[in-house]
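Trainee: Got a predicted model here, sequence first, then my questions.
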Amino acid sequence: MLRIGMLTSGGDCQALNAAMRGVVKGICSKRDDVEIYGFQEGYKGLIYSNFKMLTSRDFSGILTVGGTILGTSRQPFKMMRVPDENGLDKVEATSKTFDEIIRSADGAVTVHNDISGVIGDSKASLDALCAFFEQIKDKYQEVMNHIDNAEHLGTTKSAMFEDIDNMMSQIPLVIDDYTGRRQA
């Protein structure tokens, strides 16, 4: 998983949107496993955990939009160690933001893996069920072939139904074999 954090800081300048768009579209054209975090209002977004998940679609149609889609602010980096007006340690707050993103992303990976496992299990169960129905279909076809053969030989109906009953009695054994209730 490739995680990208984007922010624009300082004053607006030309082509910020175009630069961000170029980076995102270029990476997303080569990889499917990309998460993009857009920090809003420059370093303030990083410090105060003001970010949002973005996709490559968020960067479509922004070439002619002025400014920056993320917004910007002036937070001189050299002033990062100076607490804000509420006494907040900006470096510590930034670290907590990164931790929050990592936990969120790891949680998403766990959910994805769990869902993939359920899908895999479901597919395996469906495949086994299809194989089971194929066995039943084969037994049914045997019965139908036997009926056709019996009619050509002139076998009495009672003898034919006795043979059918014997063949049908095999179906529970097939079910037991399938479900593992019968030991070979």
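Mentor: In hand now; what should we look at?
Trainee: any idea which helix or strand comes after the worst-scoring helix or strand of the chain on mean pLDDT?
Mentor: Within the chain, no helix or strand scores below helix 157-168, which has a mean of 70 by mean pLDDT, DSSP states H and E. Remark: after helix 157-168, the chain's next helix or strand is helix 170-179, criterion DSSP states H and E.
Trainee: Now find how far off-centre that next one is within its chain.
Mentor: Distance, stretch centre to chain centre, for helix 170-179: 36 Å (Cα atoms, centre = their mean, to the nearest Å).
Trainee: Can you point out the buried residues in that helix?
Mentor: For helix 170-179, the neighbour count (16 or more other Cβ atoms under 10 Å) marks no residue as buried. Where C-beta positions appear, they are placed from N, C-alpha and C, glycine not excepted.
Trainee: That one - contacts with which helices or strands?
Mentor: helix 90-153 (3 or more Cβ pairs under 8 Å, 6 or more residues apart in numbering; DSSP states H and E).
Trainee: Run through the neighbouring helices and strands of the helix it packs on.
Mentor: strand 2-6, helix 43-47, helix 157-168, helix 170-179.
Trainee: nearest residue to T97 other than its sequence neighbours?
Mentor: S49 (4.5 Å; Cβ to Cβ, 6 or more residues apart in numbering).
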